[in-house]
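> pasting a predicted model and its sequence here:
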Amino acid sequence: MPSRLLFLIWQNLRRNMRHNILSSIGIIVGIAAFAFFLALDAGVRRVVLGEIFPVDRLEVVAPKSSLFGSGRFIDDAVLARLRQPVDSTVPAPAAVFGRMRLGFPARGWGGARILKRGRDIPFELTGFCDGVDDQVIAPEIKPPFTFRDHLADDQPPPCAPGNRCPEGRYCAWDVNRCHKPVPAVISRHLIELYNSSIAASNPDLPKIPDFLTSIFAGKTFTVELGRSYFGTVVRQGGQPIQRKFQLVGVSDKAIPLGLSVPIGYVKRWNQRYKGGASAKTYSSAVLLTRSKADITPIAAYIKSIGFDVKQGAGKTIGLFITLASFLLTLVSVIIVFIAAINIAHTFLMLVSERRWEIGLLRAVGASRAHVRRTVLGEAAIIGAVSGTVGLSLAWVAALVCDHFSATRLPDFPFKPESYFVFSPTLIALSMGFAIGCCLLGALLPAQRAAALSPAQALGSR
Amino acid sequence: MLIKLHKINKQYGQGSAARRVLRDVDLAIAEGDFAAIVGTSGSGKSSLLNVIGGLDRDFTGEAEVVGQSLRGLSDRALSMLRNRSIGFIFQQFNLLEHLSCGENVALPAVFSKWDKAKVKRRVDDVLERVGLADRRDHLAGRLSGGQKQRVAIARALFHSPTLLLCDEPTGNLDTRTGRAVIELFQQLNDEGITLLIVTHEARVSDAARRVLRIEDGSLSEDPAPQVGSGGSDA
């Protein structure tokens, strides 16, 4: 558009400033609501579906079709089928790994050096500990720690008299060998729970913003395998044994509430206390997808080979978020469309008021396209300005909400610093929507203006 | 011929409500002519001017202006013809009062591709030509009637048109200012610009070399111009 036509458009906008401001209020409010709700949707999704209930993964379990079970179980052959689906239309997953739960009672204690009171904290591990493939978690563990089955390639030296061992090892008294501690990882859920409940109510315990620099990094604690705090004790495989565990990091692939250790340890312990079969079958398989779009076909494939997908809360919550944000966004879209009707009304009035001017422009050389462009140009500028103001309002409202949350709301797990994500796509979408609706509203008036006969328009003065 | 009209007919309305305003109008205006079309109110003179200026295409017959048949031109080509070759001057001046004199004069440049410096030079030239060089940055709404009409003339002259179409150009001016405008028209005609003026004022038609009379839509030509008769309206 030539700059001189822009000048003309600008002059028209300037002298009708009052009309333009009034007609743009609806667009501003609508776009502010539109951007606010979409940014909130993106922000909530990021936290809920990205961190609390990740939706880029599926947990595969054996079906429970009868009282006696289905007879199906997840073993290495099933993992292989999941890694490479026979059906070529099914997208290949990014990774597949098995989870193996401790199949016997276990309990632990530790933390006396961390707490000022100097007493160990007891904790139950029955049902709260599993084994995961080292290769899956190891890349997430930062030095100086590692996540690997030390006993797989390490021949532990015998304990010295007095149960003494070299630095970094402890004496496993049942075998009289100096073992390295069993590396254990925890999930972010656990960190968030700790930060928002335990640390928040206990001044002696600092929050954990970053695991590596926290007081828990590298800390060891004792786990007694084969005995629980509820009085249950293993009946086969010998006496309960004690092992040292070491916290080496945080992983979103760890069991949500509890500890995950390299699967080799769990296989050996399960074999000892539960028998050979339990060391070969997995409690579940986790399948990481390459994109969210792969979830549905892969889930269908899992069903087709006779296994179930564990229904996580992510899907339900995702649906709820989608529905809620759809309704709120729909309201804002309706506001913008009503505003577009208002824009249409204003422009029809302005075109009617400016009939002779349009006639004059035609007389001095404006074509129909020029007239149409002039009216649509005014609408586009109103849309762009309204969109910018609306987006700014949404952003300010988001800042206010975040400030309120940070200063007035108590801590809770996964409490985000911001509930909003203003992505470039959202900004472009909001601006496009504002400009598009203004153009839509001005389309009919622009057509009418362009269709005016210059002679009749000039004669209307 | 700069203007050639053959059997131009025009009517407003349809059926029984139809009103014929131009009846088989034939007209030929040569380059450099200074012609006045006179007639009473509602006789069809403004309608004829609109047809010649390409402002009204709802007519029958053949119209050729500045060598181009108006029937065959697209909207874009017709707009370009108005922009480059025809200047319009109106009784109501039709200035955009929120713009300055210079901006009003440069209005035709909005639809051409002249660069900024050339536009500025031309604005200065034409304002100088009409004696308003010192009013370039004044708001058009604050000028007197005579000054407004001179700005309108400057706007019409912006692209150095070959044809000036004037619809009652002195209708809103007092006698002295009107006379000055007529003198300006005569000077422009002397410089080679073809003028076609619709008027009902004898002082204007007296200045023209040809006088065409329109009555109930029919055009006829007076045998000789009444130079210097002045005074009463036609």
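Looks like it arrived, so ask away.

> C-alpha from now on. contacts and neighbour counts both.
Fine.

> how far does stretch A:17-29 sit from its chain's centre?
Relative to its chain's centre, stretch A:17-29 lies at 37 Å (C-alpha atoms, centre = their mean, to the nearest Å).

> tell me the buried residues in it?
By 16 or more other C-alpha atoms under 10 Å in any protein chain shown, the buried positions in stretch A:17-29 come out as A:His19, A:Asn20, A:Ser23, A:Ser24, A:Ile25, A:Gly26, A:Ile27, A:Ile28, A:Val29.

> checking the residue of chain B found nearest chain A next. Helix, strand or coil?
Closest to chain A within chain B is B:Asn83: 4.0 Å, counting by C-alpha to the nearest C-alpha. Using DSSP: H, G, I helix; E, B strand; the rest coil as the criterion, the local structure at B:Asn83 reads helix.

> need the contact list for the residue nearest to it when sequence neighbours are not counted.
Distances taken as C-alpha to C-alpha, 6 or more residues apart in numbering or on different chains place A:Gly365 nearest to B:Asn83, at 4.0 Å, with adjacent residues excluded. Contacts for A:Gly365 (C-alpha atoms under 8 Å, 6 or more residues apart in numbering or on different chains) come out as B:Ser79, B:Met80, B:Leu81, B:Arg82, B:Asn83, B:Arg84, B:Pro108, B:Phe111.

> then A:Ile255?
Applying C-alpha under 8 Å, 6+ apart to A:Ile255 gives the contacts A:Phe128, A:Cys129, A:Asp130, A:Ile186, A:Ser187.

> try 7 Å this time
Shown in contact with A:Ile255 (C-alpha atoms under 7 Å, 6 or more residues apart in numbering or on different chains): A:Asp130, A:Ser187.

> could you count how many residues lie near residue 121?
No chain specified, so I'll use chain A. A:Ile121 has 12 neighbours, counted by other C-alpha atoms under 10 Å in any protein chain shown.

> wait, chain B was what I had in mind.
If you count neighbours by other C-alpha under 10 Å, B:Arg121 ends up with 10.

> do A:Ser304 as well
With other C-alpha under 10 Å as criterion, A:Ser304 counts 10.

> tell me the pLDDT at it?
We have a pLDDT of 86 for A:Ser304.

> got the residues of chain A near chain B?
Contact residues (C-alpha under 7 Å from any C-alpha of the partner chain) of chain A with chain B: A:Arg4, A:Leu5, A:Leu360, A:Arg362, A:Ala363, A:Val364, A:Gly365, A:Ala366, A:Ser367, A:Ser453, A:Pro454, A:Ala455.

> for the most centrally placed residue in chain B, which three-state class applies?
Centroid-nearest residue in chain B: B:Leu165, 1.8 Å away (criterion: C-alpha atoms, centre = their mean). When classified by three-state DSSP, B:Leu165 comes out as strand.

> what sits opposite it in the beta ladder?
Beta bridges link B:Leu165 to B:Phe88, B:Leu196 when assigned by DSSP bridges.

> of all residues in the stretch 251-400 of chain A, which one is closest to chain B?
For the stretch 251-400 of chain A, C-alpha to the nearest C-alpha, closest residue to chain B: A:Gly365, 4.0 Å.

> following the helix or strand where B:Glu128 lies, which helix or strand shows up next?
In the assignment (DSSP states H and E), B:Glu128 maps to helix B:116-129. Moving toward the C-terminus from helix B:116-129, the next helix or strand (DSSP H and E) is helix B:145-157.
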